Structure formats: structure tokens, C-alpha cells
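Asks: heads up, no residue letters with this:
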Ligand code: SF4
């Protein structure tokens, strides 16, 4: 896993303890630093992928990351084919149908 983004984070010159706060005030202070971080997205994805339980990563607290993972799991389950649904025929087109209403 590429972690080269870590060297570009706004936190590189901050004490690590700032990102492992013990209360909500500390979480907000860390989130303010993350808010303008150029590597906020890969940082958050790293923490989600690695199931990092502690600290503020990518501007998200532990609780926020649990919520994100829960939402993603739910979305993934909704998009998975339900048991008993017919398989998609091999070679079936997924191209939009002309004239079909799209989002
Ligand atoms: S998003 Fe926050 S924790 Fe992640 S690299 Fe940037 S400053 Fe550090």
C-alpha cells in the first residue's frame, strides 16, 4: 500500500498526540488541521481500509469512520444481486438505451 501521501499531510509538523485526542474539543482541533490538508482523501481511505480504530484521520473521528463504513456496507449490500435473481446473460449490453430517462 502506497503511504507516500503521509509525508505531505498538514500533520507532519504537529505532535501525533494532537490526532489522538481524548475529548470532543481535541477532535475539533484535529479536524481543523485536516480540513485544509492536501492528502485528506487518501488519509481517510487508508484509515478506513486498515480499520484504524483510534484517532482523527482524514478529518474523521473514530465514530465518523464507523458510520462511513456502516453506510458503505449497507450500500454494497443493496447493490449486490439478491439470491434467486436471474443472472445477467453473457454479452448482455449495459449501454444506455436511447430515449431512456437517466439521472
Ligand atoms: S488529513 Fe489530517 S491526519 Fe490525515 S494527513 Fe492530513 S492532517 Fe494528517
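Replies: Here it is on my side, so go on. Please read these numbers as outputs of a predicted model, since none were measured by experiment. Residues are numbered from 1 along each chain as shown.
Asks: For the protein, just list every one of the helices.
Replies: Counting by DSSP state H, the chain has helices at residues 24-35, 40-49, 62-79.
Asks: so of those helices, which one's packed in deepest?
Replies: Highest mean neighbour count among the helices of the chain (mean count of other Cβ atoms under 10 Å): helix 40-49, with a mean of 17. Bear in mind the C-beta positions are built from the backbone N, C-alpha and C, glycine included.
Asks: Identify all contacting residues around it.
Replies: With contact meaning Cβ atoms under 8 Å, 6 or more residues apart in numbering, helix 40-49 is reached by 1, 3, 5-6, 9, 34, 37, 52, 55, 57-60, 65, 68-69, 72.
Asks: restrict the residues you listed to contacts with the ligand.
Replies: For the ligand, the contacts drawn from those by Cβ under 6 Å from any ligand atom are 9, 34, 37, 57, 58, 59.
Asks: how about those in CSV, adding pLDDT?
Replies: CSV is the format used below for those (pLDDT from 0 to 100):
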residue, pLDDT
9, 98
34, 98
37, 98
57, 98
58, 98
59, 98
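Asks: possible to save the helices of the chain as CSV with distance to residue 13?
Replies: As requested, these are exported to CSV (distance: least, Cβ to Cβ, whole Å):
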stretch, distance to residue 13
helix 24-35, 10
helix 40-49, 15
helix 62-79, 23
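Asks: Nearest to residue 17 among these would be which one?
Replies: Nearest to residue 17 among these is helix 24-35 (8.9 Å), distances taken as Cβ to Cβ.
Asks: And the residue of the chain found nearest the ligand, how close does it get to residue 42?
Replies: Closest residue of the chain to the ligand, Cβ to the nearest ligand atom: residue 9 (2.5 Å). Applying Cβ to Cβ, to the nearest Å, the value for residue 9 to residue 42 is 9 Å.
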